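Peer 1: pasting the sequence and the predicted model now:
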Amino acid sequence: MNQSNLLQPRLNRIQHWALIVGGIGLAISLVGAFVSREQFFQSYLFGYLFWVSLGLGCFAATMLHHVTGGAWSFTIRRLAESGAMTLLLMAVLFIPILLGVNQLYLWAQPEHVAESELLQHKVPYLNVPFFIVRAVLYFLVWIVLAYLLNKWSHEQDHTAEPGLSKRLRILSAPGLILYVLTATFAAFDWMMSLEPEWFSSIYGLLFIAGNALAMMAFAIVLVALLSKYEPLSTWVSRNIYNDLGNFLLAFVAFWAYITFSQFLIIWSGNLPEEITWYLVRTQGGWQWLALVLILFHFVVPFFLLLARWSKRRVRILTTIAALLVVMQLAALFWLIMPAFYPQGFHLHWLDLVTPVGIGGLWLAFFVWQLKKKSLLPLHDPRFREVPTHD
């Protein structure tokens with residue numbers, strides 16, 4: 001049995017165990033919903049946003065590949081395409097958030113709106129019907145584009161029609177613009193509006209930077225695992241890992257730049273309605289999580305990835321990437337949970353179980369999509385022109 005034949009059973013096992021773990025995690029989470037309905041919705045929102053951000057990162061990477069090309073992007077193209085299709089699953093998993101909107105968001109509580117003159121001015125935008133309409137629009141844009149990207153990529157594998165590459169590129173260029181717009185407003189709606197009297201125009205870009213970083217880190221871990229099998233085993237080289245590591249370094253720096261830019265602008269403005277957001281997140285125990293993020297979401301990965309040797313050693317690069325996936329989960333926790341617990345750090349067991357439950361379903365759906373494809377594009381004209389030597 002060759003490597004290619006060994007891959008399908010491996011993927012089947014991963015999918016099988018992901019479904020089991022996901023099912024158990026969500027079942028336990030539902031039990032927790034009966035114990036504390038409010039906590040369930042908070043934990044669900046946190047877990048959901050991490051996995052939808054990973055799907056969105058894959059969606060953007062797919063379009064970026066078709067616009068730019070390159071050896072590194074051919075390596076992760078199938079992973080990105082499969083991840084983009086998980087947005088269909090995430091549209092279904094958004095339903096519990098709609099059911100809990102009145103408990104999650106202050107602007108959805110009439111008694112709270114009546115006490116805030118600022119929120120009364122935001123009612124034309126921050127209201128439940130319009131919130132639902134916007135969410136439907138976001139998912140419609142994402143799913144239609146992801147479907148077309150996957151459909152035409154599948155046709156290219158089977159027909160070798162050269163015009164499909166141009167069609168994919170033409171779709172991806174405006175698709176990236178639509179992604180930036182919809183992801184920005186989704187971040188405003190689903191995350192920033194948890195504290196509706198606070199606002200930041202850079203918040204959407206912070207969400208997008210996190211999506212890109214999480215996707216690249218996740219892709220590096222998967223490439224390292226799948227490079228043992230054909231056809232990746234004959235394609236992935238040290239140069240490929242070096243390129244992936246360079247992009248991971250770029251996204252780490254980009255995330256840190258956007259995060260610090262928001263802090264610098266608010267700090268220099270020193271306005272009470274803005275600085276409260278940071279005051280909550282830098283006291284009561286939340287400051288220790290902020291310190292962890294500074295060290296392990298930026299400082300340590302950044303300086304390790306500056307070295308060429310660390311990007312060309314698979315085990316070291318994979319360890320850094322896995323750390324960054326965990327840190328992105330922690331970053332979302334730091335962004336979201338202080339809105340519910342401004343008095344101090346709070347970690348509930350549902351905050352651990354619910355992301356695992358959602359993640360199990362996400363990973364199973366991802367593997368299901370990946371099994372339908374060759375790990376490398378078969379008839380992309382640009383793919384044949386890329387050198388494979390170290």
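Peer 2: Now that the structure is in, tell me what you want to look at.

Peer 1: residue contacts, Q15?
Peer 2: 363-364, 367-368, 371 (Cβ atoms under 8 Å, 6 or more residues apart in numbering). From N, CA and C alone the C-beta is placed, and that goes for glycine too.

Peer 1: quick check: it vs Y48, distance?
Peer 2: 21 Å (Cβ to Cβ, to the nearest Å).

Peer 1: hang on, the earlier thing: restricted to buried residues, select the contacts of Q15 in ChimeraX.
Peer 2: In ChimeraX, a selection of the buried entries from the contacts of Q15 looks like this (16 or more other Cβ atoms under 10 Å):
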select :363,364,367,368
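
Peer 1: make JSON lines from the contacts of Q15 and add secondary structure and pLDDT to it.
Peer 2: Listed next are the contacts of Q15 as JSON lines, based on DSSP: H, G, I helix; E, B strand; the rest coil; pLDDT from 0 to 100:
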{"residue": "L363", "secondary structure": "helix", "pLDDT": "97"}
{"residue": "A364", "secondary structure": "helix", "pLDDT": "97"}
{"residue": "V367", "secondary structure": "helix", "pLDDT": "96"}
{"residue": "W368", "secondary structure": "helix", "pLDDT": "95"}
{"residue": "K371", "secondary structure": "coil", "pLDDT": "92"}
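
Peer 1: now the contacts of Q15 as a markdown table including distance to A224?
Peer 2: Formatted as a markdown table, the contacts of Q15 follow (distance: Cβ to Cβ, whole Å):
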| residue | distance to A224 |
| --- | --- |
| L363 | 16 |
| A364 | 21 |
| V367 | 16 |
| W368 | 21 |
| K371 | 19 |
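
Peer 1: next one, pLDDT for H154 please.
Peer 2: pLDDT for H154: 88.

Peer 1: so it, which state does it fall into?
Peer 2: Of the three states, H154 takes helix under DSSP: H, G, I helix; E, B strand; the rest coil.

Peer 1: run through the residues that contact it.
Peer 2: By Cβ under 8 Å, 6+ apart, H154 lies in contact with 372-373.

Peer 1: please apply the same query to F40.
Peer 2: Listed by Cβ under 8 Å, 6+ apart, the contact partners of F40 are 29-30, 32-33, 100, 350, 354.

Peer 1: name the element it belongs to?
Peer 2: Here F40 sits within helix 37-68, counting by DSSP states H and E.

Peer 1: in that helix, what's buried?
Peer 2: Under 16+ other Cβ under 10 Å, the buried positions of helix 37-68 are 39-67.

Peer 1: with stretch 129-136 instead?
Peer 2: Neighbour counts using 16+ other Cβ under 10 Å place 131, 134-135 of stretch 129-136 among the buried residues.

Peer 1: of all the contacts of Q15, which two lie farthest apart?
Peer 2: Largest separation among the contacts of Q15 by Cβ to Cβ: L363 and K371, giving 12.5 Å.

Peer 1: which of the contacts of Q15 sits closest to E274?
Peer 2: Proximity of the contacts of Q15 to E274 was ranked by Cβ to Cβ; the top entry is L363 with 38.1 Å.

Peer 1: surely that closest one meets A18?
Peer 2: Yes - with contacts counted by Cβ atoms under 8 Å, L363 reaches A18, the gap being 4.1 Å.

Peer 1: which residues are common contacts for these two?
Peer 2: Counting by Cβ under 8 Å, 6+ apart, nothing touches both L363 and A18.

Peer 1: the closest residue to L248 other than its chain neighbours: helix or strand, and which one exactly?
Peer 2: Excluding its sequence neighbours, the residue lying closest to L248 (Cβ to Cβ, 6 or more residues apart in numbering) is M216, at 5.0 Å. If you go by DSSP H and E, M216 is part of helix 203-226.

Peer 1: run the angle between that helix and helix 37-68 for me.
Peer 2: 80 degrees (axes from the mean of the first three to the mean of the last three Cα atoms, to 10 degrees).

Peer 1: buried sites along the helix or strand just after helix 203-226?
Peer 2: Once the chain leaves helix 203-226, the next helix or strand it forms, by DSSP H and E, is helix 238-269. For helix 238-269, burial by neighbour count (16+ other Cβ under 10 Å) applies to 239-245, 247-249, 251-256, 258-259, 262, 266.

Peer 1: tell me who's in contact with V367.
Peer 2: 11, 14-15, 18, 82.

Peer 1: now tabulate the residues you listed in a markdown table and tack on secondary structure, pLDDT and distance to I95.
Peer 2: Shown next, in a markdown table, are the contacts of V367 (DSSP: H, G, I helix; E, B strand; the rest coil; pLDDT from 0 to 100; distance: Cβ to Cβ, whole Å):
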| residue | secondary structure | pLDDT | distance to I95 |
| --- | --- | --- | --- |
| L11 | helix | 91 | 28 |
| I14 | helix | 93 | 26 |
| Q15 | helix | 95 | 23 |
| A18 | helix | 96 | 21 |
| S82 | helix | 96 | 23 |
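
Peer 1: just the closest of those to Q120, please.
Peer 2: Of the contacts of V367, the one sitting nearest to Q120 (Cβ to Cβ) turns out to be S82, at 44.7 Å.

Peer 1: quick check: the gap between that closest one and A330.
Peer 2: 25 Å.

Peer 1: who has more neighbours out of these two?
Peer 2: Legend: neighbour count by other Cβ atoms under 10 Å for S82 and A330, higher for S82 (23 against 16).

Peer 1: C-alpha coordinates for the helix or strand where A322 lies, PDB please?
Peer 2: Secondary structure assigned from DSSP H and E places A322 in helix 314-336. Taking Å, rounded to 0.1, in the frame of the first residue of the first chain, the C-alpha atoms of helix 314-336 are listed here in PDB:
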ATOM      1  CA  VAL A 314       9.500  21.400  10.300                       C
ATOM      2  CA  ARG A 315       9.200  20.500  14.000                       C
ATOM      3  CA  ILE A 316      10.100  24.000  15.200                       C
ATOM      4  CA  LEU A 317       7.900  25.700  12.700                       C
ATOM      5  CA  THR A 318       4.900  23.400  13.500                       C
ATOM      6  CA  THR A 319       5.300  24.100  17.200                       C
ATOM      7  CA  ILE A 320       5.300  27.800  16.600                       C
ATOM      8  CA  ALA A 321       2.200  27.500  14.400                       C
ATOM      9  CA  ALA A 322       0.400  25.300  16.900                       C
ATOM     10  CA  LEU A 323       1.200  27.900  19.700                       C
ATOM     11  CA  LEU A 324      -0.200  30.700  17.500                       C
ATOM     12  CA  VAL A 325      -3.500  28.800  17.000                       C
ATOM     13  CA  VAL A 326      -3.900  28.500  20.800                       C
ATOM     14  CA  MET A 327      -2.900  32.100  21.200                       C
ATOM     15  CA  GLN A 328      -5.500  33.300  18.700                       C
ATOM     16  CA  LEU A 329      -8.100  31.400  20.700                       C
ATOM     17  CA  ALA A 330      -6.900  33.200  23.800                       C
ATOM     18  CA  ALA A 331      -6.900  36.600  22.000                       C
ATOM     19  CA  LEU A 332     -10.600  36.100  21.100                       C
ATOM     20  CA  PHE A 333     -11.300  35.200  24.700                       C
ATOM     21  CA  TRP A 334      -9.600  38.500  25.800                       C
ATOM     22  CA  LEU A 335     -11.600  40.400  23.300                       C
ATOM     23  CA  ILE A 336     -15.000  38.900  24.100                       C
END
